[in-house]
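Novice: just to be clear, the model below is a prediction. Sequence and coordinates:
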Amino acid sequence: MRAISGATRPTERIFGGRWSALCLLLICLAAAEFILRGPLRAVQTATQFNDFLSPYIQAKALVRGMDPYSPQVLLQLWPPQAPHFLFLPKEVASGTLVANRGFPTAYPITALVLVAPFSALPWNLASALWLVTNVALFACMLYALVELAGFSYREPSAILLIAGTLALAPFHTGIVTANVTLVAVELSVIAIWAARRGNEIATAVLLATAVGLKPQIGLCFLLYYLLRRRWRICGIALALLLGLTLVGLLRLEVGHTPWLANYISDNRILLETGVLGNFTAINPVRFGLINLQVALYPLLRNIALTNGAARVIGAILLGTWLVNFTRRTHEDELLDLSAIVVISLLPIYHRFYDATLLVLPLCWAVVSWRKARPGAALALLLMVPFLIPGGTLLETLEVNGRIPATLAHRAWWEAFIMAHQVWFLLALSVVLVCQMGIGRRTLNIRNAVS
């Protein structure tokens, strides 16, 4: 890198290179969008319902030795500062609250133990602290990403990576909804950085927290380190998860609280008959889902067949990933992790904010721009639709009558237009898995020649 002279322009002195002014503008625009669509919108909607309210109440129930998965307990402990809805007592009485609204949420008991410290605070303070935690961890994650990429902060590549991360709409949605997914993703990325630095205890703690909060997010990272034979990381993480589970179970056992039946029922309703997790027309916001089922169902029109097809596709992709991973003679950690996290989004229930995991393929694409430009360029192109919440936006236009009824209910429209982001995720997973195979074959050819 060239020396910085006193005559260098301010933008060049900070970022370096001829694209410094453009990079500065880009990061300013991305930061403004992030603040406006994320933290600022979260503050403006603070008096409304968000996804953190249910685990907050359930954690309070756990601390008091009450059933955290009971709708009656949820209603009983509803904070006075939180918005009160007329449907709450009605749907609790009729037994339809979980099916219609998705709460009490079916989070594992480990998540409620981790959220328990927040439940000691009044709802307004706990909600504000959760928002601060989200934003602070996001900043730490940005630092970890740049370190993982091996960039200097003077490089335009680092600025582009930060700007791209700030612009990803799933992060905005995650902050506004206050869903625990965002914290799980942020902790998982920071854990990768900690593992790269050889800090195995910190990695294990971060991964255990991520898995404890959201198993659908954290488990693929734990699987990766298990396959890498990082036994100490996996052992400590599993021990911590066991400890969290025992703490929660012991508290309920001391209170002689029956909870398992409600927990099983909440999970069954969410995955089978509930509205919010349903990928059929029963769910009015189904295009906020990003799993394969929402795109396949309009074509197959059979729930069992749709679930089967999604799982088969997911199994094929995971099997191909495993073959490429085990046969690689060198490590490309970012590529391996990018592929597996995208694959993990496809076969099971995931909402739009879970696509915050795209921060890893984004990082890989920016890092690999010079050595694997075609694959990196295609990966970046396939992530462009996630700069806006496309499915939700189209649903809003449809509800407002902006989309003609002749289109709205056609199978091809629902499968390929409304659920377009799902197909982009599928294509991205294929690109990443193929890139793993290309890297392996290229290295084998080089070894054979040498």
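Specialist: Good, I have the coordinates.

Novice: okay, CA-based contacts and neighbour counts for the rest of this
Specialist: Noted.

Novice: so what's Glu272 closest to, chain neighbours aside?
Specialist: Distances taken as Cα to Cα, 6 or more residues apart in numbering put Asn278 closest to Glu272, at 7.2 Å, once the chain neighbours are dropped.

Novice: next one: the one you found, what pLDDT does it get?
Specialist: On pLDDT, Asn278 comes in at 89.

Novice: and what of Val449?
Specialist: We have a pLDDT of 41 for Val449.

Novice: the residue nearest to Glu272: what's it in contact with?
Specialist: 270-272, 286 (Cα atoms under 8 Å, 6 or more residues apart in numbering).

Novice: one more: Thr47?
Specialist: Counting by Cα under 8 Å, 6+ apart, Thr47 touches 82-83.

Novice: so how far is Gly274 from Ala169?
Specialist: Here the criterion is Cα to Cα, to the nearest Å. By it, Ala169 lies 26 Å from Gly274.

Novice: same question, Pro104
Specialist: Distance, Pro104 to Gly274, using Cα to Cα: 12 Å.

Novice: who touches both of those two?
Specialist: Taking Cα under 8 Å, 6+ apart as the contact rule, Pro104 and Gly274 both touch Val98.

Novice: thinking again about what came up before, Serialize the contacts of Asn278 to JSON lines and add fields for distance to Leu337 and pLDDT.
Specialist: Listed next are these as JSON lines, based on distance: Cα to Cα, whole Å; pLDDT from 0 to 100:
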{"residue": "Leu270", "distance to Leu337": "28", "pLDDT": "80"}
{"residue": "Leu271", "distance to Leu337": "27", "pLDDT": "75"}
{"residue": "Glu272", "distance to Leu337": "30", "pLDDT": "76"}
{"residue": "Arg286", "distance to Leu337": "27", "pLDDT": "90"}
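
Novice: can you pull the phi and psi angles for Arg351?
Specialist: Dihedral angles of Arg351 (phi, psi; degrees, to the nearest 10) stand at phi -100, psi 170.

Novice: against Thr392, how distant is it?
Specialist: 11 Å.

Novice: over to Ile109?
Specialist: For Ile109, the distance to Thr392 (Cα to Cα) stands at 30 Å.

Novice: compare the two (neighbour count), which wins?
Specialist: Remark: of Ile109 and Thr392, Ile109 carries more neighbours, 23 against 18, as counted by other Cα atoms under 10 Å.

Novice: in which helix or strand would I find the residue nearest to Pro55 when sequence neighbours are not counted?
Specialist: Excluding its sequence neighbours, the residue lying closest to Pro55 (Cα to Cα, 6+ apart) is Leu112, at 6.4 Å. According to DSSP states H and E, Leu112 maps onto helix 109-119.

Novice: pLDDT on the following helix or strand past that helix, on average?
Specialist: For helix 109-119, the following helix or strand on the C-terminal side (DSSP H and E) is helix 123-149. Per-residue pLDDT over helix 123-149 has a mean of 96.

Novice: next: stretch 243-254.
Specialist: Mean pLDDT, stretch 243-254: 95.

Novice: just stretch 103-112 next, same as before
Specialist: For stretch 103-112, the mean per-residue pLDDT is 92.

Novice: and that stretch, how far apart are its ends?
Specialist: End-to-end for stretch 103-112, by Cα to Cα: 14 Å.

Novice: quick check, Leu222 in contact with Leu207.
Specialist: Yes - proximity of Leu222 to Leu207 meets the contact threshold set by Cα atoms under 8 Å, at 7.0 Å.

Novice: compare those two (neighbour count), which wins?
Specialist: Shown here are Leu222 and Leu207; by other Cα under 10 Å, Leu207 has more neighbours (32 against 23).

Novice: where exactly do the helices run in the stretch 51-200 of the chain?
Specialist: In the stretch 51-200 of the chain, the segments counted as helices under DSSP state H, counting those that start in this stretch are 53-63, 71-76, 87-94, 97-101, 109-119, 123-149, 156-167, 169-177, 180-196, 200-213.

Novice: helices or strands next to the first one in the packing?
Specialist: Packed against helix 53-63, as judged by 3 or more Cα pairs under 8 Å, 6 or more residues apart in numbering; DSSP states H and E, are the following elements: helix 71-76, helix 109-119, helix 231-254.
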